[in-house]
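**Q** Return atomic coordinates for the entry below.
(chains A and B)
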Protein chains: 2
Amino acid sequence: MEKLRFGVVGVGNMGSSHVIYLSEGKVTNAVITAVCDIKQDRLDWAKGINPDLECFLDYKEMLSSGKVDAILIATPHYLHPVIGTEALEAGVHVLSEKPLGVYTKQVEPFIAKAKETGLGFGLMLNQRTEPYYQKIREMVQGGELGELKRCVWIITNWYRTQDYYDGGGWRATYSGEGGGVLINQCPHNLDLWQWIFGMPKRIRAFASFGKYHDIEVEDDVTAYAEYENGATSVFITTTGECPGTNRLEISGSKGKLVYEGGKLMFTKLAVDEREFCFTAQDGFGTIESTTEEVVVEGYGKGHRQITQNFTDHIVNGTPLLAPGEDGIKSLAISNAMILSQWTNDWVEIPNDGEKYWELLQEKIKTSKPKKVVKEKVSDLSSTYNSK
Amino acid sequence: MEKLRFGVVGVGNMGSSHVIYLSEGKVTNAVITAVCDIKQDRLDWAKGINPDLECFLDYKEMLSSGKVDAILIATPHYLHPVIGTEALEAGVHVLSEKPLGVYTKQVEPFIAKAKETGLGFGLMLNQRTEPYYQKIREMVQGGELGELKRCVWIITNWYRTQDYYDGGGWRATYSGEGGGVLINQCPHNLDLWQWIFGMPKRIRAFASFGKYHDIEVEDDVTAYAEYENGATSVFITTTGECPGTNRLEISGSKGKLVYEGGKLMFTKLAVDEREFCFTAQDGFGTIESTTEEVVVEGYGKGHRQITQNFTDHIVNGTPLLAPGEDGIKSLAISNAMILSQWTNDWVEIPNDGEKYWELLQEKIKTSKPKKVVKEKVSDLSSTYNSK
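**A** The predicted model follows:
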């Protein structure tokens, strides 16, 4: 293979950005050859950016055109597994925007198909490219914090105005998008959360629907999670707070990490707390510790880096930083959070996904079309919110 | 009245500290004249500190001795309302250590008695003397944050070793203390939480019992609360994390306060977010804001200041900073948190307290006496944890 030939499916907010950097040749060993959108004006826009592009109004034609080796899917969420599965069946590699789908039941056959075909299968979890999150993961998974006790992530800096929700007919509806802040903004954070701290065994969450915006889906969520080893976690998010907070605290028996404002602080205990607790002769004793900033050089290159890694994977066999099958993890978590709110109960993980799917169908049935919709494409270059 | 004559009931960890500063004459218009404890060696200790003290093994004798105008109760928690009510009936003013009691049903008649007698009735909520918390309250209650949205208090710096729990037979048992971190360490924080942010209307909490220590009561709690206006809150505490965190974040439609490490930061929005949300023409817009440190001069004088204020109240009619009746608020919250865990369900506030009381009686019945107990009195002067 000379260069991996990409087709971008869906030229909206995210897709447009992919078209641009791929057209600029920013991904080594990759070239963009085609775009697909159901709107002619988006294809015209893409053609303006890159006159060499083959344009398709139907993704099926793109898949069978022989013009693409891989597709990058940037359509509304429900379509990710639909188009992705068809691409795999057509022998085309798949890099999907997050989320992998809207519900776990939907992505299971997608993942199975990818496994069966052995084709490239990646997910646009661009925040995994951030060196700070990589470092935190390395420290946590590497045991520097000892036995994990607690994780508290306040990730409320996904502020969106009503204008954002009015900017697309599919957005923030059960029928079009399938959810709100958890399915749109938080797949990144939910993925990092489990990537760093592991998968919870059960979740109890509290979500508010249209609390801060005129939408039918969730825009405010507080979740509590429990893990196999007894650790607990709190995850708080919203699109209704400005200025929001992004503060990740992880504590373990050997110390504590706090990542906030782009700064990572590590407090390291001289003795493991679990040992100290039962040997100290002072009820009010504290453990000697040192606190220092962990400086991590460089910045992640975000989406582009994921596309590069996916290309390297196919061209050179480089391991994927964000394998497609990992997408079911954050999805299982976000589905569990919403299901917990809907059923006013705990949700075990893993979960067969049936109940969530059933309730989602009910919501879709009563989903109201939006009154005011101004279709528009935004420049997202400064909104990816990695810090 | 020349000077208010105090008797201290219970000369353990806290009582000893009260004996010392009162004996040193650190409270204007107050004098300590008597102490009471069921252990002779504690009375001997007090006599060593202050030879003028009258010593009692029975508080009833102290109350009828005519030697005291007021008592400061520093016994195990269950006895606060018992001794307090008898004192009021004997015409003696009452300043009680926190908590006001162990369950709301127990403190209601105590509060009613205080109201009926019109005697001085105060609670040792010493953290209300901290200027920073006073300032935060003033800003929140004064509307500087606009409509309240969220409060997240991570207050996990109440670290205690097993030695602490082994240091008193009553401690951390259902029969002796009636609870763990919520009833012992957190009355301060739960009080400040409601004092600053208001009373929640319902709570869903998750508590672990003996998670980090060999005790039968809770030493790790995560609680989620909802308020009348739709605001939500998370409160996280434990005695099992070292180093812990004390970070209070409050956000509203006009800005955000963060208090951590003794530093108070205020981010003030140029426009109310609720207005901006529906008028902005940019979906990804953020509101102009300024962030600055709010510097508050001085330090609270803690316990001593509460005793001074209580004295001033009786001698000069100064309003109480921590009226006894306020004690039912934090108690209602802590009872609700534990009840939520026990019933695996929401708990409404206010709540009649019956169910909590019933379940507590069951726990008391099966409460196990501690195996290893070393009775000892600790020097607490550096452990009040106000920052």
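**Q** going forward, measure contacts between C-alpha atoms and count neighbours the same way
**A** Noted.
**Q** what's the pLDDT at the residue sitting furthest away from the middle of chain A?
**A** Within chain A, the residue lying farthest from the chain centre (CA atoms, centre = their mean) is A:Gln281, at 47.1 Å. Among the per-residue scores, A:Gln281 shows a pLDDT of 94.
**Q** The one 3 residues further on now?
**A** In this model, A:Phe284 is scored at 91, pLDDT.
**Q** tally of neighbours for it?
**A** 18 (other CA atoms under 10 Å in any protein chain shown).
**Q** Verify the contact between it and B:Arg160 for me.
**A** Yes. Between A:Phe284 and B:Arg160 a contact is recorded at 5.4 Å, counting by CA atoms under 8 Å.
**Q** ok, which stretches of the stretch 1-150 of chain A are strands?
**A** Assigned by DSSP state E, counting those that start in this stretch, the stretch 1-150 of chain A shows strands spanning A:4-9, A:30-36, A:54-56, A:70-73, A:93-96, A:121-123, A:148-155.
**Q** Would you mind naming what in chain A lies close to chain B?
**A** Residues of chain A that fall close to chain B, judged by CA under 8 Å from any CA of the partner chain: A:159-165, A:167, A:212-213, A:222, A:224, A:241-243, A:251-253, A:255-256, A:267, A:273-274, A:276-287, A:383.
**Q** As CSV, the strands of the stretch 1-150 of chain A with mean neighbour count would be great.
**A** CSV is the format used below for those (neighbours: other CA atoms under 10 Å in any protein chain shown):
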stretch, mean neighbour count
strand A:4-9, 26
strand A:30-36, 25
strand A:54-56, 21
strand A:70-73, 28
strand A:93-96, 28
strand A:121-123, 27
strand A:148-155, 22
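**Q** Just send these back as a markdown table, with mean pLDDT too.
**A** Putting the strands of the stretch 1-150 of chain A into a markdown table (pLDDT from 0 to 100) gives the following:
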| stretch | mean pLDDT |
| --- | --- |
| strand A:4-9 | 98 |
| strand A:30-36 | 98 |
| strand A:54-56 | 98 |
| strand A:70-73 | 98 |
| strand A:93-96 | 98 |
| strand A:121-123 | 98 |
| strand A:148-155 | 98 |
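**Q** so can I have a markdown table of these showing distance to B:Met124?
**A** Shown next, in a markdown table, are those (distance: least, CA to CA, whole Å):
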| stretch | distance to B:Met124 |
| --- | --- |
| strand A:4-9 | 65 |
| strand A:30-36 | 69 |
| strand A:54-56 | 74 |
| strand A:70-73 | 62 |
| strand A:93-96 | 59 |
| strand A:121-123 | 56 |
| strand A:148-155 | 31 |
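**Q** for those strands, which one sits closest to B:Lys201?
**A** Smallest distance to B:Lys201 across the strands of the stretch 1-150 of chain A (CA to CA): 22.7 Å, for strand A:148-155.
**Q** Kindly export that closest one (C-alpha atoms) in CSV.
**A** The C-alpha trace of strand A:148-155 is given here as CSV (Å, rounded to 0.1, in the frame of the first residue of the first chain):
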residue,chain,number,x,y,z
LEU,A,148,-6.7,2.5,44.7
LYS,A,149,-9.3,4.1,47.0
ARG,A,150,-11.1,6.9,45.3
CYS,A,151,-11.4,8.9,42.1
VAL,A,152,-13.3,12.2,41.9
TRP,A,153,-13.6,13.8,38.5
ILE,A,154,-15.4,17.1,38.3
ILE,A,155,-15.5,17.7,34.6
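**Q** For it, which helices and strands make contact with it?
**A** strand A:232-238, strand A:246-252 (3 or more CA pairs under 8 Å, 6 or more residues apart in numbering or on different chains; DSSP states H and E).
**Q** Mean neighbour count and mean pLDDT added to the ones you listed, as TSV?
**A** Formatted as TSV, those follow (neighbours: other CA atoms under 10 Å in any protein chain shown; pLDDT from 0 to 100):
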stretch	mean neighbour count	mean pLDDT
strand A:232-238	23	98
strand A:246-252	22	98
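**Q** Skipping adjacent residues, who's closest to the residue in the stretch 251-387 of chain A that chain B sits nearest to in space?
**A** For the stretch 251-387 of chain A and chain B, the shortest gap (CA to the nearest CA) falls at A:Gly283, measuring 3.5 Å. The shortest distance from A:Gly283 to any non-neighbouring residue, by CA to CA, 6 or more residues apart in numbering or on different chains, is to B:Tyr164 (3.5 Å).
**Q** Counting neighbours, what do you get for the nearest residue to A:Tyr159 once chain neighbours are set aside?
**A** Spatially, and ignoring its direct neighbours in sequence, A:Tyr159 is nearest to A:Thr239 (4.2 Å; CA to CA, 6+ apart). Using other CA under 10 Å, A:Thr239 is surrounded by 24 other residues.
**Q** so what's A:Thr239 up against?
**A** Counting by CA atoms under 8 Å, 6 or more residues apart in numbering or on different chains, A:Thr239 touches A:Thr156, A:Asn157, A:Trp158, A:Tyr159, A:Arg160, A:Val181, A:Tyr212, A:Asp219, A:Asp220.
**Q** do you know how far it is from B:Ile155?
**A** For A:Thr239, the distance to B:Ile155 (CA to CA, to the nearest Å) stands at 25 Å.
**Q** same check, this time on A:Arg137
**A** Separation of A:Arg137 from B:Ile155 (CA to CA) stands at 25 Å.
**Q** Identify those among the residues of chain A next to chain B that sit within helices.
**A** A:Gln162, A:Asp163, A:Tyr164, A:Tyr165, A:Glu273, A:Arg274, A:Phe276, A:Cys277, A:Phe278, A:Thr279 (DSSP state H).
**Q** Quick one: residues contacting the first one.
**A** When you say that, I think you mean A:Gln162. By CA under 8 Å, 6+ apart, the contact list for A:Gln162 reads A:His213, A:Asp214, B:Cys277, B:Phe278, B:Thr279, B:Ala280, B:Gly283.
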